[in-house]
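K.L.:
Dropping a prediction and its sequence here:
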Amino acid sequence: MRAKNVVVTGVTGGVGEAVARKLMDDGSYKVFATCRSKKQVKALESNRLCHHAILADLADEQCGGQLLDALDKLSLPRLHGVVLCAGVTTPKALEFSTDEEIKRMYQINLFSNISIIRKTIPLLRKSKGRIVWVGSTAGSVVMPLLGAYSGSKHAVEATVDTLRQELDPWKIPVSLVIPAAIKTPMSENLAAEALEAGRELEGPLASKYESLYRIHSKLIGAGAKVGVTPERVAEDIYRALTERSPKTRYFCGIQPTLLSKVIANLPDRMQDKLYTNDLVDH
């Protein structure tokens, strides 16, 4: 039986690594993993996380073209799937964020993924392949200090819906996998970073912003303890790749269901108070 070719981004850790391992263990897939450096290319291939590691940095506007050039050199005739796991976030108030920081987050979380999809659609069309994109509850429920991240994830949701409608005539399913908190060292590091960033603030704005950073740190820290594992998210991604009729959205566990379907539908002011109650002047 011919192996099914799948491109996976974000394989150097977290969900992307878990997906790559699952597909490699399955034995019926040929995994093509994107990465940022030649060092990572060697590491991915030596650790058997993929069959081919491809140098295509999602921070680079040309990443879609880089990926397609590499696939052309490998004479890849078709693709069964494209799995988009790469993403970045940094807890920071929009007031203090630089243009470069915001652009980088949108580039990695959104624009480069769109570029990859646009370049690979012809290969997917040949085999009626599938697109699976890892989103976030931040795409429907926002919280302070994640403005750029939430904005990019809101855009991901809209992009996935549009792609699903546009590619339906060719029977190319497009699924969004939505986790909330994920148990990874990165989540724990983000909680510590937020707390430290709040403590370092100075000037007249420091006290109120520091409260936001403290609340954010607690929420991220709690989420890291009760969240799902990367392997649990990989299970839903695998289902999206293999089920006869894949869902348009996969909610990974109770958390994203509660956040996306309950809290997201609360009145705006009520949602605001979840994070800002102790910032009100007394």
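P.N.:
Alright, I've got the coordinates. Because the structure is predicted, anything quoted here is derived from the model rather than measured.

K.L.:
Can you show me the strands along the stretch 51-200 of the chain?
P.N.:
52-55, 81-84, 130-134, 174-178 (DSSP state E, counting those that start in this stretch).

K.L.:
Comparing those, which stretch has the densest surroundings?
P.N.:
Greatest average neighbour count among the strands of the stretch 51-200 of the chain goes to strand 81-84 (a mean of 28), per mean count of other CB atoms under 10 Å. To be clear about C-beta, it is placed using only N, CA and C from the backbone, and glycine gets the same treatment.

K.L.:
helices and strands around it, which ones?
P.N.:
strand 4-8, helix 112-127, strand 130-134, helix 230-242 (3 or more CB pairs under 8 Å, 6 or more residues apart in numbering; DSSP states H and E).

K.L.:
Now do the contacts for I220.
P.N.:
Counting by CB atoms under 8 Å, 6 or more residues apart in numbering, I220 makes contact with 91, 181, 187, 190-191, 194.

K.L.:
just to revisit the earlier point, mind putting the helices and strands packed on strand 81-84 into a markdown table with distance to E95 and mean pLDDT?
P.N.:
Compiled in a markdown table, those are given as follows (distance: least, CB to CB, whole Å; pLDDT from 0 to 100):
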| stretch | distance to E95 | mean pLDDT |
| --- | --- | --- |
| strand 4-8 | 36 | 96 |
| helix 112-127 | 26 | 96 |
| strand 130-134 | 29 | 98 |
| helix 230-242 | 32 | 96 |
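
K.L.:
Of these, flag the one that's most buried.
P.N.:
strand 130-134 comes out most buried of those by mean count of other CB under 10 Å, with a mean of 26.

K.L.:
Would you mind getting the angle between that one and helix 112-127?
P.N.:
With axes from the mean of the first three to the mean of the last three CA atoms, to 10 degrees as the basis, strand 130-134 and helix 112-127 are set at 160 degrees to each other.
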